[in-house]
Structure formats: C-alpha cells, structure tokens
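*Asks:* my questions are about this predicted structure, shown below with the sequence.
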Amino acid sequence: MISANSQIELDFNNTKVAFQNKSDKELEKAFWLFKMVANNTLIKVGTPLTTFALKIGLPIQGIIRNTIYKQFCGGESIEGCAPAITELGRGAVTTILDYSVEGEDSEESFEQTCEEILKTVAFAKNNSLISFCVFKPTGLGRFDLFAKVDAKQRLTDSEKTEFDRVYERIDRICRACHDAGIKVLVDAEHSWIQDTIDDFAREMMEKYNQERPVVYNTYQLYRNDKLASLKADFAYAQTQNFYLGAKIVRGAYMEIERERAAEKGYPSPIQPNKQASDVDYNEAILFCLDHINRIGLMAGTHNEESSRLLAEEMIARGISPKNEHVFFAQLLGMSDNLSFNLANAGFNVAKYMPYGPVKAVMPYLFRRAQENTSVGGQTGRELGLIMKEKARRKAQK
C-alpha cells in the first residue's frame, strides 16, 4: 500500500513523454492523418471509395498499410505485432492483442477466429508485455443467432447445436486464459444481443474467476442501465464467491442504437446526453474502487477527466498504482498523452492493438475513423498535441 499523502505527477499535456517513441517523420505522418480524419466529408466519401477499390483489386493496400493501418494497427499477424509491442513496452505500456477481422459469417470463419485468439493466448503466456487477450462474441458466432436467443425466440435443433458450438468456443478461450494466467476481455456489442453476451460472461466469470479476475465483461456506460448492471453483477459475484472482471467504457454504437429504437418504437437504451454518460462512468470507477479487492477494473477511456479521477482516487485511497486489479486502457494510435503519461507516473496501462490482414481489418479502421469524427473534440485534441510537440522539437533544434 502507498500513503494517501503521496503525490503523483500527472501532466496529460506533456507531449515529450506522450510522443517519446515517435520520430519526426512519424509525427508528421500522424499529423496529416488526423488532419484527414478531421474532415468528415472526406471520411464519408473516402470510406465507400476505398472499399470499392479493395473489392475490385486496385493496388492501394500499400498506401493504406503505411498510413491509417500503421497508425491504428500493430501488424498483419501476431508475430508481425512484435516490434509494436516492444515499442510500447519501452514506454512501460503493455499490449492487448486484438484480432480485428470483422464481417465473416460462417462456421469455418468462427472456428478460425477462435483458433487465432487461442494463438494470442499462447503468445501472451510467454510475453510479459501482453497484459490481456480479447474477443468479440460475434466473431465466434452468428449475429442473427445471438439476436434470436436474446429475443427468447425458439431455436431449431440445428440452431441449438450451432449455439452450443458458440458456447464451446467461448469456454475454450476463457479456459485457456485461466490456465495460462492471462486476463481476457469480452467485448460489448449492440443492445439487442448484449443480454446473451452478459449471460455468457457471467457464467465464464463464475467458472474461471474463483481465485482472481480472469474474465472481464464490458459495461458500456453510454447506456442508461449499465451502471445498475455492474452493481447487480457484483452483488451476484459476492453471493457466488467469485471475482468480478469489469471493463468499463462509454460505448461505440450510439447512433445505431438510437435509430433502431426510433424505428422499432421502444425507448432508447442510450443516455439522454454526454453528461449523463460521464456521470455514470465516473460513478462506475468509484464503485469499482470501493470494492477493488473483489473487482478487476479496466478503465477503457480517452477522457482526461475520468483518467485523472481514477488516478487521483487510487492515490487518495492508498491503492498502489501497480495494483494488478486496476488498468487504464486506450486504443493504439490515439490518446498517447494519456497512455504514456499515466505509465510514466507508474500506473498499469494497456493499449488495444488490432491486427490482421490489411483488407480484412478495413471495416474496423473505417469504424475507427468515423468514430473519431463523431467524438466531440477527439481529433482536434490529437492534432493540437501533435502540433505542440512539433513546435517543442523545433524550438530545441
């Protein structure tokens, strides 16, 4: 334990620390990339054009690989991520290997994805710079099947067998992580399949979180019911005597959720405004810290206020920055000012590192670019920090 009177040096505007691993050339490339992402019209037009160009085989993969892919992805294979993992490690930041191939919808692809995630577990077991593995449930089973189960519709015999295979894949991954001593994150998805995912995660936690937090479910606090879900799951974990693993995020499907709710005539599950999301997010942080001996917390956030709140509350409560039950997390290529300055102050920090073949990872990259244009101020902050660091370096020459 550390003294509650301890002080931490946290300056999220320290660009020297934030961009310590970037050369002048890499910094310049990031500057122009975020300038492009800031242009909403360019993103809207460029996304379908790039998709079309890839579909008909135009030779643009090299351009993508050296720009947006290099900024937000670690490599095309697990082994290809090794240099990026090492580079993060030099700044005391660990890695979450995230196989980010999306849009596949066959039993063969689901099994292949499961095997790939198991490879990340085996790789992580022998690499101390990897702190978590992760999987997206719809990478292991059909979205429509999850939706049917969530809606409590009757499954055919073949669908029951198919769903059993989904369960078996999830269990195989969670068991492998338990046996390897690696934490695993269960990604959140759309609200109309999330109850089924929550049921899976709760069962896996009850099974594999007996001695420590291994399986972490994701709570999207831009939903108006997820703070209550977090508290209810912790109460259940207490009665069943297992550790709760909680990855708390704000969320990623807001527009889709609101549109579907309006279209189908049910109340939107999304918070009325950003402030309500922020209030619930910060309350979730405090709730987890209140019970940190029995909760594994991953705070996935690009929000400076929430990051500072968690860091300062840990110090105030005498919780060591190196407590294994608390991690900060950001996406690769974004918010380096948070990641590296938190790590520099001694906290546990991890970066989500997507990987996979360029063409297969493009749906992820397009979504990331679109999210950057819709998240208020995110791209502007990135550009401002890069410009500040460029000016600092120029002044020192």
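*Replies:* Arrived safely, thanks for sending. Note that the structure is predicted; figures quoted are calculated from it, not measured.
*Asks:* can you pull the phi/psi pair for T94?
*Replies:* As for T94, its main-chain torsions (degrees, to the nearest 10) stand at phi -90, psi 180.
*Asks:* and the pLDDT for it?
*Replies:* Per-residue pLDDT puts T94 at 98.
*Asks:* since we're on the nearest residue to it once chain neighbours are set aside, how many residues are nearby?
*Replies:* The shortest distance from T94 to any non-neighbouring residue, by C-beta to C-beta, 6 or more residues apart in numbering, is to S131 (3.9 Å). In this view, the C-beta of every residue, glycine as well, is placed from N, C-alpha and C. Counted with other C-beta atoms under 10 Å, residues neighbouring S131 total 22.
*Asks:* gap between S131 and V186?
*Replies:* S131 is 16 Å from V186, where distance means C-beta to C-beta, to the nearest Å.
*Asks:* just the mean pLDDT for the longest helix along the chain, thanks.
*Replies:* Within the chain, and with DSSP state H defining each element, the longest helix by residue count is helix 157-180. Mean pLDDT, computed over helix 157-180, is 98.
*Asks:* identify each buried residue in that helix, please.
*Replies:* 159, 162-163, 166, 169-170, 172-174, 176-178, 180 (16 or more other C-beta atoms under 10 Å).
*Asks:* element containing K247?
*Replies:* K247 belongs to strand 244-249 when assigned by DSSP states H and E.
*Asks:* need the CA coordinates for the helix or strand following that strand. PDB is fine.
*Replies:* Using DSSP H and E, the helix or strand that follows strand 244-249 in sequence is helix 254-264. Once non-C-alpha atoms are left out, helix 254-264 reads as follows in PDB (Å, rounded to 0.1, in the frame of the first residue of the first chain):
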ATOM      1  CA  MET A 254     -24.800   5.300 -30.100                       C
ATOM      2  CA  GLU A 255     -26.200   6.400 -33.500                       C
ATOM      3  CA  ILE A 256     -27.200   2.900 -34.500                       C
ATOM      4  CA  GLU A 257     -28.900   2.300 -31.100                       C
ATOM      5  CA  ARG A 258     -31.000   5.500 -31.300                       C
ATOM      6  CA  GLU A 259     -32.000   4.900 -34.900                       C
ATOM      7  CA  ARG A 260     -33.100   1.300 -34.200                       C
ATOM      8  CA  ALA A 261     -35.100   2.300 -31.100                       C
ATOM      9  CA  ALA A 262     -36.900   5.000 -33.000                       C
ATOM     10  CA  GLU A 263     -37.600   2.700 -35.900                       C
ATOM     11  CA  LYS A 264     -39.000  -0.100 -33.800                       C
END
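*Asks:* let the chain start at 471 from now.
*Replies:* OK, 471 is where the count begins now, so the last one is helix 724-734.
*Asks:* next helix or strand past helix 724-734?
*Replies:* Following helix 724-734 in sequence order, the next helix or strand is helix 744-760 (DSSP H and E).
*Asks:* and the angle from that following helix to helix 724-734?
*Replies:* For helix 744-760 against helix 724-734, the angle by axes from the mean of the first three to the mean of the last three C-alpha atoms, to 10 degrees is 110 degrees.
*Asks:* what helices or strands is helix 744-760 leaning on?
*Replies:* helix 696-710, strand 714-719, strand 765-770, helix 774-786 (3 or more C-beta pairs under 8 Å, 6 or more residues apart in numbering; DSSP states H and E).
*Asks:* highest average neighbour count across those?
*Replies:* Ranked by mean neighbour count, the helices and strands packed on helix 744-760 are led by strand 714-719 with a mean of 25 (mean count of other C-beta atoms under 10 Å).
*Asks:* partners of that strand in the sheet?
*Replies:* strand 685-690 (parallel), strand 765-770 (parallel) (DSSP bridges).
*Asks:* got any ranges where this structure has weak pLDDT?
*Replies:* 471-477, 509-533, 573, 837-847 (pLDDT under 70).
*Asks:* all helices of the stretch 471-620 of the chain, in order?
*Replies:* With helices called from DSSP state H, counting those that start in this stretch, the stretch 471-620 of the chain shows them at 485-488, 494-507, 510-525, 531-535, 538-542, 552-560, 577-595, 613-620.
*Asks:* with that, I have no additional questions.
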